[in-house]
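Undergrad: Attaching a predicted model along with its sequence, questions to come.
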Amino acid sequence: KQEVTQIPAALSVPEGENLVLNCSFTDSAIYNLQWFRQDPGKGLTSLLLIQSSQREQTSGRLNASLDKSSGRSTLYIAASQPGDSATYLCAVRLVGSNYKLTFGKGTLLTVNP
Amino acid sequence: ETGVTQTPRHLVMGMTNKKSLKCEQHLGHNAMYWYKQSAKKPLELMFVYSLEERVENNSVPSRFSPECPNSSHLFLHLHTLQPEDSALYLCASSQEGAYNEQFFGPGTRLTVL
């Protein structure tokens, strides 16, 4: 059974700091990994999708890496801003499941002005 | 309207009521999903429709009944729910296939009294 773990569960940083969020998964046979952002009580916003054949993806101040063999992904946020405060979720799609995403519980990020 | 929309955004119902949640996607996708997000738990996939056919049902109780009349609309019919069914219900859509990104709606916050 695929399990996805996100560490830390919560993180508080001062504005301007670079930070890394971690995601690990137990079964490395995945199609892809997707990072999302969720604001309180709201839906999910897709940030980055990394296919299993890729090592990283970048969008603006965000960079996500994938090491499939070790079952790990990191989301790097450069020059953090208060508007980055949200819960960040990672999800993997296991080979053999065309549709199901298995999610972690998320990291709650607070960026203090 | 753009992206994935959901109505209502908030719903309070008694255990004997019947209600429906509605999702509409404006992205030209052909797969749609219902997810449940409960406090302190990871998102759980409930149902998947691909090309208007139900392709996944993840052991969801029969008091939840999905309907997909066309590729743009998805409903979740609710009847005789339990208080533990209170959660955020999220709809998502994607192009059919394991390599495609899922896009989420804002969710319906359901409270069962």
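TA: Received it, and whenever you're ready, just let me know what you need.

Undergrad: Please make it C-alpha for all contacts and neighbour counts, starting now.
TA: Fine.

Undergrad: Get me the contact residues on chain B for chain A.
TA: Residues of chain B found near chain A (Cα under 8 Å from any Cα of the partner chain) are B:40-45, B:48, B:88, B:90, B:97-99, B:101-107, B:109.

Undergrad: Please report how far the residue nearest to residue A:113 when sequence neighbours are not counted lies from chain B.
TA: The spatially closest residue to residue A:113, leaving aside those adjacent along the chain, is residue A:15, at 5.3 Å (Cα to Cα, 6 or more residues apart in numbering or on different chains). Distance of residue A:15 to chain B, given as Cα to the nearest Cα, to the nearest Å: 27 Å.

Undergrad: List the beta-bridge partners for the residue nearest in space to the middle of chain B.
TA: Ranked by distance to the mean C-alpha position of chain B (Cα atoms, centre = their mean), the top residue is residue B:34 at 3.0 Å. Taking DSSP bridges as the rule, residue B:34 bridges to residue B:47, residue B:91.

Undergrad: re the thing from before, can you tell me which of the residues of chain B next to chain A are buried?
TA: B:42-45, B:48, B:88, B:90, B:98-99, B:101-107, B:109 (16 or more other Cα atoms under 10 Å in any protein chain shown).

Undergrad: I'd like the list of those that fall within helices, please.
TA: Among those, no member falls in helices (DSSP state H).

Undergrad: what number of residues lie near residue 17?
TA: Reading this off chain A. For residue A:17, the neighbour count with other Cα atoms under 10 Å in any protein chain shown is 12.

Undergrad: that's the wrong chain, I wanted chain B
TA: 12.

Undergrad: what about residue A:41, how many neighbours?
TA: Neighbours around residue A:41, by other Cα under 10 Å: 11.

Undergrad: In chain A, which residue sits closest to chain B?
TA: Chain A approaches chain B most closely through residue A:43 (3.8 Å), counting by Cα to the nearest Cα.

Undergrad: contacting residues around that residue?
TA: Residues near residue A:43 by Cα atoms under 8 Å, 6 or more residues apart in numbering or on different chains: B:90, B:104, B:105, B:106, B:107.

Undergrad: Strands - which of those residues land there?
TA: B:90, B:104 (DSSP state E).

Undergrad: now, the most widely separated pair of the contacts of residue A:43?
TA: Greatest spatial distance in those: B:104 and B:107, 8.1 Å, computed using Cα to Cα.

Undergrad: Can you pull the residues that touch both of those two?
TA: With Cα under 8 Å, 6+ apart, residue B:104 and residue B:107 have common neighbours A:43, B:90, B:91.

Undergrad: just checking, residue B:81 touches residue B:15?
TA: Yes - contact criterion Cα atoms under 8 Å: residue B:81 and residue B:15 qualify, at 5.0 Å.

Undergrad: what sits in contact with each of the two?
TA: By Cα under 8 Å, 6+ apart, the residues touching both residue B:81 and residue B:15 are residue B:112.

Undergrad: out of these two, which sits in the busier spot?
TA: Each of residue B:81 and residue B:15 has its neighbours counted (other Cα under 10 Å); residue B:81 has more, 22 against 15.

Undergrad: which residue sits closest to residue A:105, ignoring its sequence neighbours?
TA: That would be residue B:42: by Cα to Cα, 6+ apart, it lies 4.7 Å from residue A:105.
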